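> give me a 3D structure for the following:
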Amino acid sequence: MKKIFALVLAVVMLLGLAACGSKSSGKKAEDGIKVGLICLHDENSTYDNNFIQALKQVQEELGLKDDQVLIKTNIDESDACYNAAAELVDAGCDIIFADSFGHESFMIQAAKEFPDVQFCHATGTKSLTEGVKNYHNAFASIYEGRYLAGVAAGMKLNEMIEKGTIKPEEAVIGYVGAFNYAEVVSGMTSFFLGARSICPSATMKVTYTNSWFDIAKEKESALNLINSGCVLISQHADSEGAPKACEEKGVPNVAYNISTISMGPNTALISSKIDWSVYFKLAITAVQDGKEFDTDFCGSLKDGAVKLTELNDKVAAAGTKEKLEEVQAKLESGELKVFDTKTFTYKGAELTEYLADVIDEGDFKPETNVIENGEFAESQKRSAPYFDIKYIDGVSDL
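Okay, here's the model as predicted:
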């Protein structure tokens, strides 16, 4: 009897070991995976709301319950970010995202302290140099979306010229920027290149608010640009300030992150955006399955991480939809390069070499030549933008 019992016990133990060996080391939704998101502002910011809505979309797609997705809003770029991350860890989060550039050092601090949790930071630059295995950066080639939005703007400018509303030399774009950072400069330049590919006489004036979200400053900046002669406004700032100024003045507007047609039904043209659901789903699924994922992720137009919002047919020039489809196909195939050095000059000359600060060691020293195969190789050496040329010919400060 003892031998039979021992044999049965051994079989049970072997079956148990086999079963354990077949299990994934990840955490499936039904096992209670928890996801955290840290936002600089809240839903009133078009930028932060873009992240929040993307995460809610992925929550629904993956079948996560409300208590499995924790969102902290209005967390500034200070120790408040680290404290928010630590609180999310204490709440059981297995993966935590943060959406603002200035959150990075605090996310790295948290990643070092909590090695069993994955920390993902949007727009950051240090994952490649820090070497922290559970710390990740993510961005997307939004310059492709900006370029396409610029094409729509160029079509509108040409329509205004053809109707006699403006003269060719009056095709002046105004651009409301948040900060004089590479992320903003890259976006404004790609937008301008898209516009000028359609309207060769276009020029652009730029002003900065020195804030990511300030309704009053963004509206004031847009009005100043309009009063200086700008006939179309675009932006890299996160409130409805500029779109509403354009609606008041009857000036076409191209926005960012969300459609602003509801704010400017008579002037909103189109917007470009990063669809963060692509990255959220990739990263969360990897954690669920116990798999590694990119330390430095860059989504693209081709994989759906870069998108255009709805085109406002009431404002858009005839043929804009078809032109956007044509240009997008060329961008996705690689036939068209946004920063093709033959399409712009800097201080009167074509760029053959340009050193950028790609390897972020905190010294702010450019060390990497980013002109390759006749283009400025934006986001090809790291996900976060490093196009910081202020300014290519045709662009100037207000």
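> list the buried residues for stretch 211-231?
Within stretch 211-231, the residues that qualify as buried are 212-215, 217-226, 230-231, counting by 16 or more other CB atoms under 10 Å. Placement of C-beta: from N, CA and C, glycine included.
> and stretch 308-320, what's its mean pLDDT?
Stretch 308-320 shows a mean pLDDT of 98.
> mind listing what's buried along it?
Applying a neighbour-count criterion of 16+ other CB under 10 Å, one finds 308-309, 311-312, 315-317, 320 buried in stretch 308-320.
> in helices, which of those residues appear?
Cross-referencing the buried residues of stretch 308-320 against helices under DSSP state H gives Thr320.
> nearest to Ile71 among the buried residues of stretch 211-231?
Of all the buried residues of stretch 211-231, Ile71 sits closest to Phe213, with 17.0 Å by CB to CB.
> surely the closest one is in contact with Asp238?
Yes - judged on CB atoms under 8 Å, Phe213 makes contact with Asp238 at a distance of 4.4 Å.
> what sits in contact with each of the two?
By CB atoms under 8 Å, 6 or more residues apart in numbering, Phe213 and Asp238 have these common neighbours: 41, 45, 47.
> any chance of the residues you listed in a markdown table, with secondary structure, neighbour count and pLDDT too?
Shown next, in a markdown table, are the shared contacts of Phe213 and Asp238 (DSSP: H, G, I helix; E, B strand; the rest coil; neighbours: other CB atoms under 10 Å; pLDDT from 0 to 100):
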| residue | secondary structure | neighbour count | pLDDT |
| --- | --- | --- | --- |
| His41 | coil | 21 | 95 |
| Ser45 | coil | 24 | 91 |
| Tyr47 | helix | 25 | 93 |
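> of those residues, which is the nearest to Leu70?
His41 (17.0 Å).
> and the gap between the closest one and Ala268?
21 Å (CB to CB, to the nearest Å).
> can I see the domain layout of the protein?
Domain ranges of the chain: 29-141+277-299, 142-273+306-336, per automatic domain parsing.
> need the ones you listed in TSV with distance to Ala349, can you?
As requested, the domains of the chain are exported to TSV (distance: least, CB to CB, whole Å):
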stretch	distance to Ala349
domain 29-141+277-299	26
domain 142-273+306-336	16
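> which one of these is the most hemmed in?
Per residue and on average, the most neighbours among those fall to domain 142-273+306-336, with a mean of 21 (mean count of other CB atoms under 10 Å).
> what's the first-to-last distance across that domain?
Counting by CA to CA, to the nearest Å, you get 15 Å between the two ends of domain 142-273+306-336.
> helices along the protein, start to end?
Using DSSP H, helices in the chain cover 2-22, 46-62, 79-90, 104-113, 127-130, 142-162, 182-198, 215-227, 241-249, 277-289, 320-333.
> want to try a markdown table for these, with distance to Glu375 as columns?
Output for these, formatted as a markdown table (distance: least, CB to CB, whole Å):
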| stretch | distance to Glu375 |
| --- | --- |
| helix 2-22 | 48 |
| helix 46-62 | 28 |
| helix 79-90 | 35 |
| helix 104-113 | 28 |
| helix 127-130 | 21 |
| helix 142-162 | 11 |
| helix 182-198 | 11 |
| helix 215-227 | 29 |
| helix 241-249 | 30 |
| helix 277-289 | 24 |
| helix 320-333 | 12 |
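> among those helices, which is nearest Ala356?
helix 182-198 (8.0 Å).
> what average pLDDT does the closest one get?
97.
> pLDDT weak spots in the protein?
The model of the chain has pLDDT under 70 over residues 1-31.
> what are the bridge partners for the nearest residue to Ser234 once chain neighbours are set aside, then?
Among residues not flanking Ser234 along the chain, Val254 sits closest, at 4.2 Å (CB to CB, 6 or more residues apart in numbering). Beta-bridge pairing for Val254 (DSSP bridges): Ser234, Ile270.
> can you tell me how far Val254 sits from Val89?
40 Å.
> I'd say Ala54 and Lys281 touch.
No - contact criterion CB under 8 Å: Ala54 and Lys281 do not qualify, at 9.1 Å.
> in a markdown table: the buried residues of stretch 308-320, plus distance to Val69.
Listed next are the buried residues of stretch 308-320 as a markdown table, based on distance: CB to CB, whole Å:
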| residue | distance to Val69 |
| --- | --- |
| Leu308 | 27 |
| Thr309 | 24 |
| Leu311 | 32 |
| Asn312 | 32 |
| Val315 | 36 |
| Ala316 | 36 |
| Ala317 | 41 |
| Thr320 | 37 |
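> please identify which pair of the buried residues of stretch 308-320 lies farthest apart.
Thr309 and Ala317 (17.1 Å).
> Asn50 versus the nearest residue to Tyr208 once chain neighbours are set aside, what's the distance?
Ranked by CB to CB, 6+ apart and with sequence neighbours excluded, the top spatial neighbour of Tyr208 is Gly177, at 4.7 Å. Distance from Gly177 to Asn50, counting by CB to CB: 18 Å.
> equivalent analysis for Asp393, please.
32 Å.
> before we move on, what about Tyr256?
Distance, Tyr256 to Asn50, by CB to CB: 9 Å.
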